[in-house]
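1. predicted model, plus sequence, below.
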Amino acid sequence: MTDAAIERFRFSADPAALHELELRLQRASWPDEVAAEPWQYGPPVAYMKQFVEYWLQRYDWKKHEAHINSFPQFVAQVDQHRIHFIHQEGRGPAPIPLVLTHGWPGSFVEMLKIIPLLTDPAAHGGDPADAFTVIAPSIPGYGFSSRPQERGTNLFAIADLWAKLMTRLNYPEFGVQGGDWGSWISAVTALRHPQRVLGLHLNYVSTRFRPALSPSDPPLTPAEEAYLSTVAKWAEAEGGYIAIQATKPLTLAYALTDSPVGLAAWFVEKFRSWSDCQAEPDEILTKDEMITDIMVHWLTGTAHSAIRLYSEYRENPLQLATGQRVTPACGIVHLPAELPMPPRSWAERAFNVVHWTKLPRGGHFAAWEVPELLAADIRAFFRPLRRS
């Protein structure tokens with residue numbers, strides 16, 4: 001990485017920003033609430049008060065900032081974007097370059113637990129022959145990447161940015177992996193750059209994904225019909241965040257940008273609803289982990305630019321043409337607490353599925369929740385795809 005436009009990166013939060021955050025947390029105004037089942041209408045006030053108290057009294061940003069900075073981080077100017085990424089070299093005879101892409105409301109910090117498992121499997125009871133060199137970028141508009149100032153930074157543009165970044169890093173071929181937006185971006189990267197993508201591994205297939213069906217395609221199976229019915233019910237009950245973030249992100253952004261408690265509640269509700277917990281998100285994600293992700297959004301002022309990806313998708317959705325498929329080998333993981341996931345037959349209408357796994361536990365934030373299980377499945381999927 002001798003290109004002058006690729007530079008080492010470390011983050012150091014402005015002390016004034018940390019002080020301002022503390023004051024805002026201390027001065028939080030709290031809503032009332034009606035008697036209801038816990039979490040029925042969002043995070044309970046009692047939970048959020050406890051969460052903020054922990055944030056103020058026990059959370060140590062400097063400790064987590066140092067942990068983030070222990071990973072080799074870089075920024076690269078790619079077209080008009082400044083892309084932040086972790087680039088961790090693999091320890092093994094022939095590591096595969098692997099792009100890990102996060103989602104929302106996450107960030108690159110979702111990947112901090114799984115990166116060592118992938119880059120140095122021997123240190124974690126695995127085979128060094130399964131090593132990867134991991135590139136974990138921040139999506140434009142998230143965290144330490146720059147915020148797009150014009151419309152058009154959609155899935156297709158981001159996929160091309162990833163391909164250009166990998167060219168700059170001298171990786172002609174690479175694997176891609178992700179969940180949430182990371183699954184979309186990984187899939188589009190494989191669609192647009194099939195000759196370069198060694199394999200596509202997904203731990204989520206979006207409820208909004210629709211294969212292009214033609215009259216010659218097999219009719220929907222009962223399992224596929226049931227899946228679409230489940231998706232419709234889920235969208236009715238849980239899809240409000242998509243509607244507002246896809247249509248009026250700026251309206252929401254005023255609250256998320258002005259109030260750290262508002263930002264935290266917006267995220268915590270998803271951490272609870274989408275993870276494999278029974279009552280509270282702390283069962284799966286520690287408060288430190290959740291707050292660190294929230295802090296990355298808060299300290300970089302990217303609450304709005306992150307959610308704008310939903311409006312970008314609404315204006316430029318992924319729509320496969322009739323008969324079009326994503327051709328690189330694809331592995332898909334089902335997690336029991338994930339958002340509605342399709343049956344294999346549905347995925348096979350669009351992807352070249354060669355690997356299908358159901359894990360015993362975990363939810364939407366797989367790299368955070370079950371990094372060991374996810375890492376083992378990524379290794380298993382890519383093992384037969386490695387060049388001899």
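-> All right, it came through fine. Only a predicted model underlies this, so the values are computations on that prediction, with no experimental measurement involved. Numbers count the residues shown, from 1 in each chain.
2. residues near the closest residue to residue 14 other than its chain neighbours, how many?
-> Excluding its sequence neighbours, the residue lying closest to residue 14 (Cβ to Cβ, 6 or more residues apart in numbering) is residue 299, at 7.8 Å. Every C-beta, even on glycine, is put in place using the N, C-alpha and C of the backbone. Residues within reach of residue 299, counting by other Cβ atoms under 10 Å, total 18.
3. so residue 299 makes contact with residue 12?
-> No: assessed by Cβ atoms under 8 Å, residue 299 is found out of contact with residue 12, at 10.2 Å.
4. and the residue nearest to residue 14, what pLDDT?
-> Here the pLDDT value assigned to residue 299 is 98.
5. and if you look at residue 216?
-> We have a pLDDT of 84 for residue 216.
6. how close does the nearest residue to residue 59 once chain neighbours are set aside sit to residue 265?
-> Setting aside the residues directly before and after it, residue 59 is nearest to residue 291 in space (Cβ to Cβ, 6+ apart), at 5.2 Å. According to Cβ to Cβ, to the nearest Å, residue 291 and residue 265 sit 13 Å apart.
7. the two: which has the busier surroundings?
-> Taking neighbours as other Cβ under 10 Å, residue 291 and residue 265 compare with residue 291 leading, 25 against 21.
8. element containing the more buried one, please.
-> Per DSSP states H and E: residue 291 is located in helix 287-300.
9. convert the C-alpha atoms of that helix to PDB, please.
-> Below are the C-alpha coordinates for helix 287-300, written out as PDB (Å, rounded to 0.1, in the frame of the first residue of the first chain):
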ATOM      1  CA  LYS A 287     -23.800  -2.200  27.000                       C
ATOM      2  CA  ASP A 288     -20.100  -1.400  26.200                       C
ATOM      3  CA  GLU A 289     -20.500  -2.900  22.700                       C
ATOM      4  CA  MET A 290     -23.800  -1.100  22.000                       C
ATOM      5  CA  ILE A 291     -22.500   2.200  23.300                       C
ATOM      6  CA  THR A 292     -19.300   2.000  21.300                       C
ATOM      7  CA  ASP A 293     -21.300   1.600  18.100                       C
ATOM      8  CA  ILE A 294     -23.500   4.500  19.200                       C
ATOM      9  CA  MET A 295     -20.400   6.600  20.000                       C
ATOM     10  CA  VAL A 296     -19.000   6.000  16.500                       C
ATOM     11  CA  HIS A 297     -22.100   7.500  15.000                       C
ATOM     12  CA  TRP A 298     -22.400  10.300  17.500                       C
ATOM     13  CA  LEU A 299     -18.800  11.500  17.500                       C
ATOM     14  CA  THR A 300     -18.600  11.500  13.700                       C
END
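10. now the next helix or strand after that helix, how far from the chain's geometric center?
-> Note on helix 287-300: by DSSP H and E, the next helix or strand toward the C-terminus is helix 303-315. Put simply, helix 303-315 sits 14 Å off its chain's centre (Cα atoms, centre = their mean, to the nearest Å).
11. try stretch 303-317
-> Relative to the chain's own centre, stretch 303-317 is displaced by 14 Å; criterion: Cα atoms, centre = their mean.
12. now do the buried residues in that stretch.
-> 303-314 (16 or more other Cβ atoms under 10 Å).
13. what does stretch 213-230 give?
-> Of all the residues in stretch 213-230, those buried under the rule 16+ other Cβ under 10 Å are 224, 227-228.
14. straight-line length of that stretch, end to end?
-> One end of stretch 213-230 sits 19 Å from the other (Cα to Cα, to the nearest Å).
15. what sits up against it?
-> Stretch 213-230 has contacts (Cβ atoms under 8 Å, 6 or more residues apart in numbering) with 322-323, 340-343, 345-346, 349.
16. make JSON lines out of these and add secondary structure and neighbour count.
-> Output for the contacts of stretch 213-230, formatted as JSON lines (DSSP: H, G, I helix; E, B strand; the rest coil; neighbours: other Cβ atoms under 10 Å):
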{"residue": "322", "secondary structure": "coil", "neighbour count": "11"}
{"residue": "323", "secondary structure": "coil", "neighbour count": "10"}
{"residue": "340", "secondary structure": "coil", "neighbour count": "17"}
{"residue": "341", "secondary structure": "coil", "neighbour count": "23"}
{"residue": "342", "secondary structure": "coil", "neighbour count": "23"}
{"residue": "343", "secondary structure": "coil", "neighbour count": "15"}
{"residue": "345", "secondary structure": "helix", "neighbour count": "14"}
{"residue": "346", "secondary structure": "helix", "neighbour count": "20"}
{"residue": "349", "secondary structure": "coil", "neighbour count": "18"}
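17. for the stretch 151-300 of the chain, what spans make up the strands?
-> Along the stretch 151-300 of the chain, counting by DSSP state E, counting those that start in this stretch, strands occupy 174-178, 197-202.
18. before we move on, the earlier item: buried ones in the helix holding residue 291?
-> Residues of helix 287-300 classed as buried under the neighbour-count rule (16+ other Cβ under 10 Å) are 287-300.
19. and the contacts of stretch 59-72?
-> 8, 10-13, 18, 86-89, 109, 112, 115, 287-288, 291-292, 295.
20. run the last query once more with 7 Å
-> Residues from elsewhere that reach stretch 59-72 (Cβ atoms under 7 Å, 6 or more residues apart in numbering): 10-11, 13, 18, 86-88, 109, 112, 115, 288, 291-292, 295.
21. how far is stretch 139-150 from where the chain is centred?
-> Chain-centre distance of stretch 139-150: 15 Å, with Cα atoms, centre = their mean.
22. start to end distance for that stretch?
-> 15 Å.
23. try stretch 346-366
-> 22 Å.
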